[in-house]
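Colleague: Fold the following, please.
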Amino acid sequence: MVQFYVDVFGFRRVPPERDIHDPWLETVSGVRGANVQGIHLVLPDAGLHGPTIEVFTHGNAAFGRPAAYNEPGIGHFGIVVDYPSEVYSMYDRLLAHGGSSDGKIAARYYPELEKTCTMIYAKDLDGNIVEILNWTEGEL
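Modeller: Predicted structure coming up:
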């Protein structure tokens, strides 16, 4: 999964990689036998101390149904790109690396903002929803 986010979205690794098998993790998570392996990834245009996402594998994961756009909770995160063409190229990279989507790329003009939004809700390898979007001045 880490390489997927590096290759598709341009995230960068923030060492060290972690391999945590510790009673402390059981305490903070409330999960008996909790163990995780993973690393933090920094956003593409941020410095090493900028916002990160954690990509961790849980040794005793509880698998449920895949995420859906209209489910409660944290449903997705978004990546804003500079140009509409980048929505297409990033989506193509996502598909080439095994990602998927239930929808299609579409654009909508918002007259009250005088901007056009081009976007897609896609899914990473684990089915987590990633919104890829661009806002462009004017109507396309």
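
Colleague: For the nearest residue to F9 once chain neighbours are set aside, give the beta-bridge partners.
Modeller: Among residues not flanking F9 along the chain, I79 sits closest, at 5.9 Å (C-beta to C-beta, 6 or more residues apart in numbering). All C-beta atoms are positioned from the backbone trio N, CA, C, and that covers glycine. Beta-bridge pairing for I79 (DSSP bridges): I132.

Colleague: Any stretches of this protein with poor pLDDT?
Modeller: 61-75 (pLDDT under 70).

Colleague: what about 50?
Modeller: Along the chain, the model assigns pLDDT under 50 to no residue.

Colleague: re the thing from before, quick check: the gap between the residue nearest to F9 and R93.
Modeller: 12 Å (C-beta to C-beta, to the nearest Å).

Colleague: neighbour-wise, which of the two wins?
Modeller: Neighbour count, other C-beta atoms under 10 Å: between I79 and R93, I79 has more, with 19 against 16.

Colleague: So that one is in contact with N134, correct?
Modeller: No. In this structure I79 lies outside contact range of N134 using C-beta atoms under 8 Å: 9.9 Å.

Colleague: Pull out the CA atoms of stretch 111-121 and give them to me as CSV.
Modeller: Presented in CSV, the C-alpha positions along stretch 111-121 are these (Å, rounded to 0.1, in the frame of the first residue of the first chain):
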residue,chain,number,x,y,z
PRO,A,111,-21.7,29.9,-11.3
GLU,A,112,-21.8,31.4,-7.7
LEU,A,113,-18.0,30.7,-7.5
GLU,A,114,-17.3,31.3,-11.1
LYS,A,115,-15.2,28.0,-11.0
THR,A,116,-15.4,24.5,-12.5
CYS,A,117,-14.7,21.5,-10.4
THR,A,118,-13.4,18.4,-12.1
MET,A,119,-13.3,15.3,-9.9
ILE,A,120,-13.6,11.6,-9.3
TYR,A,121,-14.1,9.4,-6.2
